[in-house]
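> dropping a prediction and its sequence here:
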Amino acid sequence: MTVLRSAPLVAITLALVLAACGGEGTARGDDDPQLTVLAAASLTDVFTELGEAFEADQQVEVTFSLGSSTDLAQQAADGAPGDVLATADTTSMAIADDAGVTGDVVDFAGNVLVIVTRPGNPQGIESLDDLEGVTWVRCADEVPCGRVAVELLDAAGVTADPVSLEDDVRATLDKVTSGEVDAGLVYATDAVAAGDEVTTVEVPEAADVPTTYAVTSLEQSVDAELAQAWIDLLVSDDGRQALEEAGFTVPEESQ
Amino acid sequence: MRGPGRGSGRGDPLGRPPLVLVLPAALAVLVLVVPLVAMVAETDWATLPSELASEPLRDALWLSIVTSTAAMLVCLVLGLPVAWILARVTFRGRGVLRALVTVPLVLPPVVAGIALRNAFGRTGVVGEPLLELTGFAFPFTTWGVVLAHVFVSLPFVVIAIEGALRSADPVYDAAAATLGATRWTAFRRVTVPLAMPGILAGMVLGWSRSLGEFGATITFNGNYPGTTQTMPTLIYVTRQSDQDAAQALSLVMLVMSIAVLLLLRDRWLGERSLVTP
Amino acid sequence: MSAPTGLDVDLEVPGRVRAALTGRPGQVIALIGPNGAGKSSLVHALAGLARAEGRADLDGVDLLARSAREREVGLVFQDRALFPHLSARDNVAFGPRARGVSRRESRERADHWLARMGLAELADRRPGRLSGGQAQRVAIARALATEPRLLLLDEPMAGLDVTVAMSLRVELARHLRDYDGVTLLVTHDAIDALTLADHVVVLDEGRVAQQGRPEDVAAHPRTAHVARLVGLNVLREGDEFRSFRPRDVTVSLRRPEGSARLAWSGPVSSAQQHGDAVRLLVDTTPPLLADVTPQAATELGLEPGREVWLSVKATAVSRYGDVVAGR
């Protein structure tokens, strides 16, 4: 019993120790320069992949702070340490922009919504209209993927009610992959990331309400050159290819 | 007001409280109070009335109160017997039982949500047969919210009540037995009334824990206005788009929490004199 | 119901006490002995609150085969253990209620017992607002209200001041005369045993060291504890005991002379006012009591630590063995 009683204490102590160690994560390292990228959670996989190449190429250490675009933009506006901010929509970017902490804003990728269903699509969902009568989820109105979803559903005249409005797109996907719901509206990139845990049903109307990913360097960046190098990578051929493989659309012509 | 140390004159006859205790205590109060005061100070009072009149707020507030209260009652009905067994019955594996009951106490709420889903989700160990037999599933329903609240609050309730039962002198149980009372009678007429302040404190603790519960609920039940969207969930998703609105909602939550604590303190929790001779 | 046969007990609480005793209906048995002698263990075993082995027969019923709540045994706890959240009336009514008597009749019974204890006015008070003596009366009423065949009183005068204890003792004597069950009274006080009991059982180190009529036990104590309780010195040699009164002891600073005397030496361990005299406890082997006049105590400088000689004339010593103290 004493072990259990003291467990919370141990946990708290550990947490404090870890926090103390990790708190300086964005500080400059001993030798290698560091690049800190605040990025929307949906960019996790492709940025991690690009980050490895970037590290090898530039002899730097890349650190990602991943989260919801709104959170990250708010943090950047509040002066959170970081060199680059990449958001999943332009609305979030505006928060940082309004605070005057951004450099040039570059739209570097796009994403569209798709329907994901349980593997094999047992309900035979073919279109947005088929969401009527099944258990499905989408993002909450307040978050970017939810705003896009509402726009898409309104345009298509779909009135089916979801059972839940998730706080981000990964939570939406998670409800589908865990089998709690029959279908969900997520980004194409999330469908790609989920692999064969889901079956993807493309929604033609979604092309009319694309979401735009924007990136900028931050005022508080200690190494503006390195920040620019990262942005350059995103719009390079390598960057575009990686983004496309992850399910993003890329702008016709950039730079 | 009676009690030692309150007596006559100025100054404590035992000497001044030592600074080595007073300073950390003051720091503790600051750590707890400054954020709350800051939150009040940062709120935009001009827009507050319109934020408060919103329907999602009223729905979420009502749902929070209903689900927390329901969870508290379930915790009482289920938790009091567990606490009594832990406090009063000697058996092999009591330590193991207590450990099991208290595990959710140290679980991160998200983990609690995942565990609940594994058990009661549509494809869960219990949830799947339940769905097949009855057509009912917990996730995305208000019942699911109550279930999540119970899961995270029950350990608090059990521990608080067990403490109260332990501190109640078992001689009263013995007296009841010699007077011919069954253990059930003794429980009803002696043990529970004597432990009542502690039981009420446990219920308040459980209620507060439910009211603030967020991680397990959103993981297990998602978020839908009127059904599963409680105050903390509403604040969380509102914050994604509208900081000012989230700020106003937080203030409502703060005011309500303080009001409830004050009310309970005056009504019940202050009445500690019951047992003192 | 067949005619009550009383109490016939031979039981053991392992590691604590082993005792055989009998009691007729209406009899009051005092159980005395030092702390740790096993008095409370025996009482708790009879009440069903401690596990015991052996035999315990109450009016033909095997007590050990029944749980505490099924025994017709009333227990007045040492610390009274009145339910603090219930009024005096509800405390007394608790037993009848628990045994299935209707709410109304239980209250009537409670009022009856409280009236008998002279507490009718205090029926609505909670224990916290009763004096020690009043609370003890409620506790006794509570035990008697279940109409037990065996009444266990665990140090009922403990913690009461002298005058309160005295009046309660008088009252208790009256109630116990009217009570037709067996009473077992645990006490530290020789007066309780002498005034309330008609039989005394002396426990020492978990065994019955002596039992008999109170005045016999008091006159011929066979344990140091009882000797101390009744204010006698007692010496044991095999099966033979010798006792003498403290005031027959002569205290001197030198070894006393003369043949027909028993003599011991040791340091004074305490000196206390005792009636007109100063009573010394001297750390001889065994420790002995001696009464001296205050003047003598001053002249001889009889403070704790002072080495003294004690002696007693052979003619002041009474000798007894099994025969005298017998059962």
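All right, it came through fine. Residues are numbered from 1 along each chain as shown, chains lettered A, B, ... in the order given.
> where along the stretch 101-250 of chain A do the strands fall?
Counting by DSSP state E, counting those that start in this stretch, the stretch 101-250 of chain A has these strands, from start to end: A:106-111, A:113-117, A:136-139, A:164-166, A:183-187, A:199-202, A:211-217.
> just the residues contacting the second one, thanks.
To tie it back to what came earlier, the one meant is strand A:113-117. For strand A:113-117, the external contacting residues (C-beta atoms under 8 Å, 6 or more residues apart in numbering or on different chains) are A:123, A:125, A:128, A:131, A:145, A:148-149, A:152, A:173, A:176, A:182-188, A:190-191, A:194, A:198-203, A:206, A:209. From N, CA and C alone the C-beta is placed, and that goes for glycine too.
> the closest residue to chain A within the stretch 201-327 of chain C and residue B:114: what is the separation?
Closest approach of the stretch 201-327 of chain C to chain A (C-beta to the nearest C-beta) occurs at residue C:206, with a separation of 33.9 Å. According to C-beta to C-beta, to the nearest Å, residue C:206 and residue B:114 sit 59 Å apart.
> hmm, back to that, can you select the buried ones from the contacts of strand A:113-117 in ChimeraX?
What follows is the ChimeraX syntax for the buried subset of these, where burial is set by 16 or more other C-beta atoms under 10 Å in any protein chain shown:
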select /A:123,125,128,131,145,148,149,152,173,176,182,183,184,185,186,187,188,190,191,194,198,199,200,201,203,206,209
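> circling back to that earlier point, pLDDT score for the residue of the stretch 201-327 of chain C closest to chain A?
Note on residue C:206: pLDDT of 87.
> how about it, what does it touch?
Residue C:206 is in contact with C:16, C:17, C:18, C:37, C:38, counting by C-beta under 8 Å, 6+ apart.
> buried ones among those residues?
Among the contacts of residue C:206, the ones that count as buried (16+ other C-beta under 10 Å) are C:16, C:17, C:18, C:37, C:38.
> now, which of those residues sits nearest residue C:214?
Using C-beta to C-beta, residue C:37 comes nearest to residue C:214 of these, at 17.6 Å.
> could I get the contacting residues of that closest one?
C:17, C:203, C:204, C:205, C:206, C:225.
> same thing with residue C:247?
When the contact criterion is C-beta under 8 Å, 6+ apart, the partners of residue C:247 are C:277, C:291.
> ok, now with 6 Å
The neighbourhood of residue C:247, defined by C-beta atoms under 6 Å, 6 or more residues apart in numbering or on different chains, consists of residue C:291.
> show me which of the buried ones among the contacts of residue C:206 is closest to chain B.
When those are compared for distance to chain B, the smallest value, 16.6 Å, is given by residue C:16; criterion: C-beta to the nearest C-beta.
> could you say which helix or strand holds the nearest residue to the closest one once chain neighbours are set aside?
Computed as C-beta to C-beta, 6 or more residues apart in numbering or on different chains, the closest residue to residue C:16 that is not its neighbour in sequence is residue C:41, at 4.0 Å. Under the criterion DSSP states H and E, the helix or strand holding residue C:41 is helix C:39-47.
> quick one: list the elements packing against that helix.
strand C:17-23, strand C:150-154 (3 or more C-beta pairs under 6 Å, 6 or more residues apart in numbering or on different chains; DSSP states H and E).
> can you add mean pLDDT and give those back as a markdown table?
As requested, the helices and strands packed on helix C:39-47 are exported to a markdown table (pLDDT from 0 to 100):
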| stretch | mean pLDDT |
| --- | --- |
| strand C:17-23 | 91 |
| strand C:150-154 | 94 |
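> isn't residue C:232 right up against residue C:241?
No - applying C-beta atoms under 6 Å, one finds residue C:232 not in contact with residue C:241, separated by 10.2 Å.
> which one's more surrounded, these two?
Neighbour comparison, residue C:232 and residue C:241: the larger count goes to residue C:241, with 22 against 19 (by other C-beta atoms under 10 Å in any protein chain shown).
> measure that one to residue C:312 for me?
From residue C:241 across to residue C:312, the span is 14 Å (C-beta to C-beta).
> ditto for residue A:210
117 Å.
> who's more crowded, the two?
Counted by other C-beta under 10 Å, residue A:210 and residue C:312 do not tie: residue C:312 has more neighbours, with 24 against 13.
> any idea of the pLDDT on the residue in the stretch 101-250 of chain A that chain B sits nearest to?
For the stretch 101-250 of chain A, the residue closest to chain B is residue A:164, as judged by C-beta to the nearest C-beta, at 2.6 Å. We note a pLDDT of 93 for residue A:164 in this prediction.
> all set, thanks.
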